Every structure is written in C-alpha cells, then in structure tokens.
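[1] Sequence plus the predicted model coming up.
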Amino acid sequence: MIVTFTANPSLDRTVALPGPLARGEVQRAVSVRQESGGKGVNVSRALVASGLESLAVLPGADSDPVLAGLRESAVPFISLPIDEPLRTNVALTEPGGVTTKINEPGPVLAADQQEALIKLLLESSRGATWVVLAGSLPPGFPDNFYATVARRIREAGNGNAPLIAVDSSGTPLAAALTDAGTPDDGTGTSGTTTGSGKPDLLKPNAEELAELAAAAGFAPASGDELEADPAAAAAAAAAVVRSGVGAVLATLGSKGAVLVTADGAWLATHPPVAAVSTVGAGDSALAGYLLAHGRGAAPADCLRQAVAHGAAAASLPGSTVPAADQTTPDAVTITALRKD
Ligand SMILES: O=P(O)(O)OC[C@@]1(O)O[C@H](CO)[C@@H](O)[C@@H]1O
C-alpha cells in the first residue's frame, strides 16, 4: 500500500476562461469545477483510479468539502480533525492549457496538532511500501518538517521502513535534503538511502530541481535553463543523488522528464498533447512512477509510466487525474543520458 501525506490539502476550484487571462478586467467563466486536491491527495486519487491501494493522510474537519470529495470518489483517507477549514486554491485555465494558479496559505496548525499529524502518519504507514510526503506546509510548520518526518518514519520502521518520496517546493524541499543528515551519521535505519532522513525519491519540477541542485552545491542554473536542456537537468539531478537521495524524477513540463539514480540517467519524452489543465500533472507523474515501481518495472519503465501519466493529466480538465488505461506509455521515447 502507498500512503500519501498532505499537510496542506486544498479544495481545487478550476475556472475555465473563454480566452487569455485579462488582468484588471471582468471576465465571464465558461465553466467551474471543484476537486479535492493537494499534492499527496492527487497522488492517492491517481493510484486509486488505477486500482492500487492508497491511503491519504491529511488534516481536516469531518465536514470539510475536501474530505467530502474524497468520500465521494471512494479514495481511502484518514484525517486529523481540525477547527479551521482547509484552503481553497483557484486555477484559471485558458484555451490551450495555460494555467494561472492562486494557492491560499492554508490553516494554521499548532505544534501539538503537527505532532498529532506525524503520529497519525506513523501509525498509518506501518507496512506501507511507500510514503509520499507532498505539497507545501501550512503556516507555522518548521521548514525541516519533511526531514524530521522522514527520519521518524525510518526510526519507527526499525529496519523495515517504507520507501520515502518527497514532492514539495521552496525551503521545505531544500530542507528535506539539507536537514536530513548525511548517509553515514546513523540518524536513520532503512530505505535505499541508509543512515539518513534523506528521501528515496525526490520529484521536483525544473524550478525546484534548480533550487535542490543549488542546495546540493551544484553550479547554479535557472529552472528555465534546466527545462530547456535535459542533459543539464540530468547533471543537476545527479548532484542531488550524489548528496544521498535514492533517485530524482524531475518533470520538465512538455519536455518530458528525467530520472537519475545511482546507476543511470534517462530522459523520457511524449508526443505533444492538447493541454487543457496542467494542475496535478506532476502528481500524476509521481503516481505513474510508483505504479510501475510497484509492478517491479525497471527504472526506465517507471520513468516511461511517469511521463505517460503526466501527459494524460495535462490533457484532462482541472485537477483531474488519469487512470493507467487513459495513458499511452507506448508513445513515450526513452533515451539514456550521461549522469555526470
Ligand atoms: O500549495 P502547494 O501545496 O504547493 O500546491 C497545492 C496544489 O497546487 O498542488 C496540486 C497540484 O500539484 C493542487 O491540487 C493543489 O492546489
């Protein structure tokens, strides 16, 4: 079973515009839709859509629309009741798929609620194959939250802990790398990265990869530069892998994705799709990777399914996530890359 953890879930409200976004103008929406979202929630939704077992761990009052949406779509979840409502994130989509997103900060969770969430996650992830720690952190959370949680999952697993994937951004993402100890400092116990709280898998986009690579001491490059140059993205990801992370799956938008492990580096590309909404494409890519990993697929084929899932998600409206049978892995081209 794959457990996902979303500290800052959202009700995703997608407003489809009839034309380009016009700042300062009144525009009439063509349609509006709402889905339960947040990065970990989306990974769970995508896994469940393909018939996999997944459990979403998140905060939220029983009556919160985010939880109601999960119930409606039969996505298993366990929540820590809180008083404040979860946030609403708005996506404005233009014809052609250009998406503008406005994400709220989310409810404030006190230190005791943060600890209760960690405990809920530790209990829920016993026996899991993977734990996915995903998304931004609500206000008041320490930046090193993911590093701490990863270490505690490893400690609780006592040599038999689930693998850990992290998909976040900004300081919490960088801290998942820099505050997680070193491979030989004895702070952790299992995973492909023994002896640290470092993730077994990181799933950055190009911009996040640039930040991670800088945190790993790699020569600075911008997200745009990495997105335009998969070889540079692979070199940046390799620097992150050398710092003790098991694997980096870097999604590069319409350019596909790069996977780097200790053993190799690959680029996967998909023929262009008619993009409708890119929201959740990265989360779907991570779900595709995990789905193939669970089948025992080789790294390049995990990457293939990741890109197939990401492309399918971009062609669907709002935060809709695809099922495996809506994806076209055979259309994906894999190229081996140098990793240093
Ligand atoms: O504000 P965060 O946590 O970084 O991202 C939240 C979010 O944009 O991520 C998902 C798409 O990846 C959406 O469902 C959700 O609205």
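    Structure's in. What do you need?
[2] C-alpha only now, for contacts and for neighbours.
    Noted.
[3] moving C-terminal of the helix or strand of the chain with the lowest mean pLDDT, what's the next helix or strand?
    Lowest by mean pLDDT, DSSP states H and E among the helices and strands of the chain is helix 170-178, with a mean of 88. Counting by DSSP states H and E, the next helix or strand C-terminal to helix 170-178 is strand 201-202.
[4] In the stretch 201-340 of the chain, what residue lies closest to the ligand?
    When C-alpha to the nearest ligand atom is the measure, the stretch 201-340 of the chain has its nearest residue to the ligand at residue 280, with 4.0 Å between them.
[5] Please report phi then psi for the nearest residue to that residue once chain neighbours are set aside.
    Across the structure, with C-alpha to C-alpha, 6 or more residues apart in numbering as the measure, the residue nearest residue 280 apart from its sequence neighbours is residue 319 (5.4 Å). Dihedral pair for residue 319: phi -100, psi 30, per degrees, to the nearest 10.
[6] State the pLDDT value of residue 319.
    Reading off the confidence values, residue 319 has pLDDT 82.
[7] Who are the contact partners of it?
    Neighbour list for residue 319: 12, 14, 35, 37, 42, 277, 278, 279, 280, 313 [criterion: C-alpha atoms under 8 Å, 6 or more residues apart in numbering].
[8] Can you verify the first one is assigned to a helix?
    Okay, so that is residue 12. No: secondary structure of residue 12, determined by DSSP: H, G, I helix; E, B strand; the rest coil: strand, with no helix assignment.
[9] Enumerate the residues of the stretch 101-250 of the chain near the ligand.
    103, 135, 136 (C-alpha under 6 Å from any ligand atom).
[10] Would you format those as a markdown table with secondary structure included?
    Written out in a markdown table, the entries for these read as follows (three-state DSSP):
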| residue | secondary structure |
| --- | --- |
| 103 | coil |
| 135 | coil |
| 136 | coil |
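[11] can you pick the most crowded of the residues you listed?
    Taking other C-alpha atoms under 10 Å as the neighbour criterion, residue 136 ranks highest of those with 24 neighbours.
[12] Pretty sure it sits against residue 172.
    Yes: the pair residue 136 and residue 172 qualifies as a contact (C-alpha atoms under 8 Å) at a distance of 7.5 Å.
[13] just how off-centre is stretch 4-15 within its chain?
    For stretch 4-15, the gap between its own C-alpha mean and the chain's C-alpha mean amounts to 12 Å (C-alpha atoms, centre = their mean, to the nearest Å).
[14] can you check stretch 242-260 too?
    Once both centres are worked out by C-alpha atoms, centre = their mean, stretch 242-260 turns out to sit 12 Å from its chain's centre.
[15] What separates the first and last residues of that stretch, distance-wise?
    End-to-end distance of stretch 242-260: 10 Å, with C-alpha to C-alpha, to the nearest Å as the criterion.
[16] Mind giving me the packing neighbours of the least confident helix or strand of the chain?
    Contacts of helix 170-178 with other secondary structure elements, assessed using 3 or more C-alpha pairs under 8 Å, 6 or more residues apart in numbering; DSSP states H and E, are made with helix 145-157, strand 163-167, helix 206-215.
[17] Include mean neighbour count when you put those into CSV, please.
    CSV is the format used below for these (neighbours: other C-alpha atoms under 10 Å):
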stretch, mean neighbour count
helix 145-157, 23
strand 163-167, 26
helix 206-215, 24
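[18] For residue 291, find the nearest of those.
    Put simply, out of the helices and strands packed on helix 170-178 the one that sits nearest residue 291 is strand 163-167, at 13.2 Å, with distance taken as C-alpha to C-alpha.
[19] What ranges in the stretch 151-300 of the chain fall below the confidence cut-off?
    Low-confidence segments of the stretch 151-300 of the chain, defined by pLDDT under 70, are located at 180-195.
[20] ok, now how distant is the residue of the stretch 201-340 of the chain closest to the ligand from residue 46?
    As judged by C-alpha to C-alpha, residue 280 and residue 46 stand 10 Å apart.
[21] So the two - more neighbours on which side?
    Here residue 280 and residue 46 are set side by side on neighbour count (other C-alpha under 10 Å), and the busier one is residue 46, at 29 against 25.
[22] which helices and strands sit right next to the helix or strand that contains the more buried one?
    Assignment of secondary structure by DSSP H and E places residue 46 within helix 39-49. Applying 3+ C-alpha pairs under 8 Å, 6+ apart, one finds that helix 39-49 contacts strand 2-5, strand 54-59, strand 130-134, helix 281-294.
[23] Repeat the analysis, applying 10 Å as the threshold.
    In this structure, helix 39-49 makes packing contacts with strand 2-5, strand 31-37, strand 54-59, helix 65-72, strand 130-134, strand 163-167, helix 281-294, judged by 3 or more C-alpha pairs under 10 Å, 6 or more residues apart in numbering; DSSP states H and E.
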